[in-house]
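Enquirer: Coordinates only, no sequence provided:
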């Protein structure tokens, strides 16, 4: 097993840079998620690690081994494809054995390895079935067993949960994570679903327009996003336009003085806060950030209540109040004029 | 699926069915009947029921030989066609440019727009003793004297291969289109080289298409007429022209019908057996 190092990799198609100068050091045994909207370059990055796409520039290393110019079939990667790509003409066991065909192992050793892998994903009872006769979750486990049978240096998963229904998806997330931990294999998975990435990845690389915007733990990304894109993509976020006027001091476009935690260079920027950090109250607090707002809509969701409010400048802001905390006054109705209050330490500024 | 009979759908098949029944099945039934009749120089047919034609055809070394030659040439042409068509079909089906794909498919079927006789005549010009092929080989210095190509079995195989190739390519290509390229990528990620992946993944999945294409080619080759007559010449005997000769030249309708029925039966049996063999090998 080994880590994976991407150094300044680029992939251009004509004028367009699908992946633009991305460097990531994936640690040994880590599960890294590449997260971003479609067309952000995450899949191209994954396919470059697999060897299906040759980078225009940059190097890819598995441990100390430079694999940049090594073809797919000599790279020793395990890949779980979107839709799994199981061989329909082979049984489950033959699918798992497929990667061992090119090895000079004797028959018995191959059979042992196949049995071991099927036991690992708890499908030993279905070894002789056709993959077409399996459920989505079972197919995914076959795909994983097939990829891992060759003892790859790195495991790659391309949108592994997109073909599953919502309920199974949550279950398979946990299963895949447990199996990955159990094998201790360096893994990269691609997804456009931030909840999925946050749920199972050790670290997340957020990509946009071919660039790596930010790399960090789920908590890093949520609490300390470095860009407006990351703040908006990881969870919901309110943005108040304006500019930084001093240490932790911000002035909104309408001239309201606000405060924020952390540091940011002076100049035009946006002050951000999460919907669950704001409260709707009748008056402004003695200290802290406050905006006069008009309630636009109230949505009761059970665990929480969501409010859409309009600031005086006409901007829509979101507030989410957890039920049972007293932060969700049941009397709030559309049209009501209230104060939107939140703490400076829950605010951050992005360019 | 919906329960019960769907007459609405069945009615759509009706026009085609009537056409086939009236103009194909009925004449076939007639030929089957004629094949058991006997030749009469004046009345054309005696109107009897006899197996004499069959006994005669099967026992005659001449017809045994013609049938064997026909089957051999058809089988050889089919094998060559499949070997040539598979890589071409694979190449076309894996092209990313839809434009190029479209053009290549048009180019593939283009020869079919030529009549069989016209194409055969063209081959005659190419393969004649003073033809293009000999001129080329002579000028390059590969041969010192013109070689005989035209009117040999080799010439017939070349001619048949050129007729059959488009059918095989189009059939195979449509089957390969339905094989997702992610399966090949999976094969490669599991350590199989691109060539090995074609053998281990594409070929087995394309086997139904290979069987279908081979069946089409074999049946067409068994029943070929223009190619053996024009390129094979007078000494080269194949079943199609022999059947025609009996009916149109010798005026022996019953015996011609018998030969036609034997040809049909042998083609059918060989096609079914080989198709079964091909599909069973992989599934």
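Expert: Good, I have the coordinates. What you see is a predicted model, and the numbers here were worked out from it, not measured in a lab.
Enquirer: Endpoints of stretch B:126-133, how far apart?
Expert: 5 Å (C-alpha to C-alpha, to the nearest Å).
Enquirer: roughly how far out does that stretch sit from the chain middle?
Expert: Chain-centre distance of stretch B:126-133: 25 Å, with C-alpha atoms, centre = their mean, to the nearest Å.
Enquirer: How about residues contacting that stretch?
Expert: B:124, B:125, B:134, B:146, B:148, B:149, B:150, B:155, B:158, B:231 (C-beta atoms under 8 Å, 6 or more residues apart in numbering or on different chains). Glycine gets a C-beta too; all of them are placed from N, C-alpha and C.
Enquirer: I'd like the list of those that fall within helices, please.
Expert: B:124, B:125, B:134, B:155, B:158 (DSSP state H).
Enquirer: quick revisit: top of the contacts of stretch B:126-133 by number of neighbours, please.
Expert: Highest neighbour count within those: residue B:231, with 28 neighbours (other C-beta atoms under 10 Å in any protein chain shown).
Enquirer: Pretty sure that residue sits against residue B:153.
Expert: No. Using C-beta atoms under 8 Å, residue B:231 makes no contact with residue B:153, being 9.9 Å away.
Enquirer: Once you drop chain neighbours, what's closest to residue B:234?
Expert: Take residue B:234 and drop its neighbours on the chain: the residue closest to it by C-beta to C-beta, 6 or more residues apart in numbering or on different chains is residue B:151, 7.8 Å away.
Enquirer: pLDDT at that neighbour, what is it?
Expert: If you check residue B:151, the pLDDT there is 89.
Enquirer: Likewise for residue A:323?
Expert: 80.
Enquirer: what's it in contact with, if anything?
Expert: A:302, A:303, A:304, A:305 are the contacts of residue A:323 under C-beta under 8 Å, 6+ apart.
Enquirer: and with 6 Å instead?
Expert: A:303, A:304 (C-beta atoms under 6 Å, 6 or more residues apart in numbering or on different chains).
Enquirer: distance of the closest residue to chain A within the stretch 51-200 of chain B from residue A:226?
Expert: Nearest residue of the stretch 51-200 of chain B to chain A: residue B:190, at 3.3 Å (C-beta to the nearest C-beta). Distance, residue B:190 to residue A:226, by C-beta to C-beta, to the nearest Å: 39 Å.
Enquirer: higher neighbour count, these two?
Expert: residue B:190 (30 against 17).
Enquirer: The more buried one and residue A:273, how far apart?
Expert: Residue B:190 is 49 Å from residue A:273, by C-beta to C-beta.
Enquirer: Also residue A:61?
Expert: For residue A:61, the distance to residue A:273 - C-beta to C-beta - is 41 Å.
Enquirer: Then residue B:202?
Expert: Distance of residue B:202 to residue A:273, given as C-beta to C-beta: 55 Å.
Enquirer: likewise residue B:266?
Expert: For residue B:266 relative to residue A:273 (C-beta to C-beta), the value is 84 Å.
Enquirer: do residue A:116 as well
Expert: For residue A:116 relative to residue A:273 (C-beta to C-beta), the value is 51 Å.
Enquirer: Among those two, which residue is more densely surrounded?
Expert: residue A:273 (25 against 14).
Enquirer: My read is that the more buried one contacts residue A:236, right?
Expert: No. Assessed by C-beta atoms under 6 Å, residue A:273 is found out of contact with residue A:236, at 10.4 Å.
Enquirer: hmm, who's touching stretch A:124-135?
Expert: By C-beta under 6 Å, 6+ apart, stretch A:124-135 touches A:86, A:88, A:91, A:92, A:93, A:118, A:139.
Enquirer: Between all of these, which two are separated the most?
Expert: A:88 and A:118 (18.2 Å; C-beta to C-beta).
Enquirer: Which one's more surrounded, the two?
Expert: Per other C-beta under 10 Å, whichever of residue A:88 and residue A:118 has more neighbours is residue A:118, with 21 against 14.
Enquirer: which one is that one nearest to, not counting chain neighbours?
Expert: Distances taken as C-beta to C-beta, 6+ apart place residue A:124 nearest to residue A:118, at 4.5 Å, with adjacent residues excluded.
Enquirer: Show me what the helix or strand harbouring residue A:144 is packed against.
Expert: Here residue A:144 sits within helix A:136-149, counting by DSSP states H and E. Helix A:136-149 is packed against strand A:77-80, helix A:92-97, helix A:107-120, helix A:166-183, with contacts defined by 3 or more C-beta pairs under 6 Å, 6 or more residues apart in numbering or on different chains; DSSP states H and E.
Enquirer: most packed of those?
Expert: Ranked by average neighbour count under the criterion mean count of other C-beta atoms under 10 Å in any protein chain shown, these are headed by strand A:77-80 at a mean of 27.
Enquirer: Now the residue in the stretch 101-250 of chain A positioned nearest to chain B. Nearest residue, chain neighbours left out?
Expert: Residue nearest to chain B within the stretch 101-250 of chain A: residue A:102 (4.6 Å; C-beta to the nearest C-beta). In space, and not counting its chain neighbours, residue A:102 is closest to residue B:191: 4.6 Å by C-beta to C-beta, 6+ apart.
Enquirer: Check residue B:88 too.
Expert: Using C-beta to C-beta, 6+ apart, the nearest residue to residue B:88 is residue B:169, at 5.3 Å.
Enquirer: isn't that neighbour right next to residue B:108, touching?
Expert: Yes. If you go by C-beta under 6 Å, residue B:169 and residue B:108 touch, sitting 5.1 Å apart.
Enquirer: who's in contact with residue 117?
Expert: Let's take chain A. Counting by C-beta under 6 Å, 6+ apart, residue A:117 touches A:96, A:145, A:149.
Enquirer: Not quite, go with chain B.
Expert: By C-beta under 6 Å, 6+ apart, the neighbours of residue B:117 are residue B:226.
Enquirer: Next: the one 3 residues further on.
Expert: Under the criterion of C-beta under 6 Å, 6+ apart, the neighbours of residue B:120 are B:226, B:227, B:230, B:231.
Enquirer: redo that, cut-off 10 Å
Expert: By C-beta atoms under 10 Å, 6 or more residues apart in numbering or on different chains, the contact set of residue B:120 is B:114, B:156, B:159, B:162-163, B:224-232.
Enquirer: Show the buried residues in these.
Expert: Neighbour counting by 16 or more other C-beta atoms under 10 Å in any protein chain shown classes B:156, B:159, B:162-163, B:224-232 among the contacts of residue B:120 as buried.
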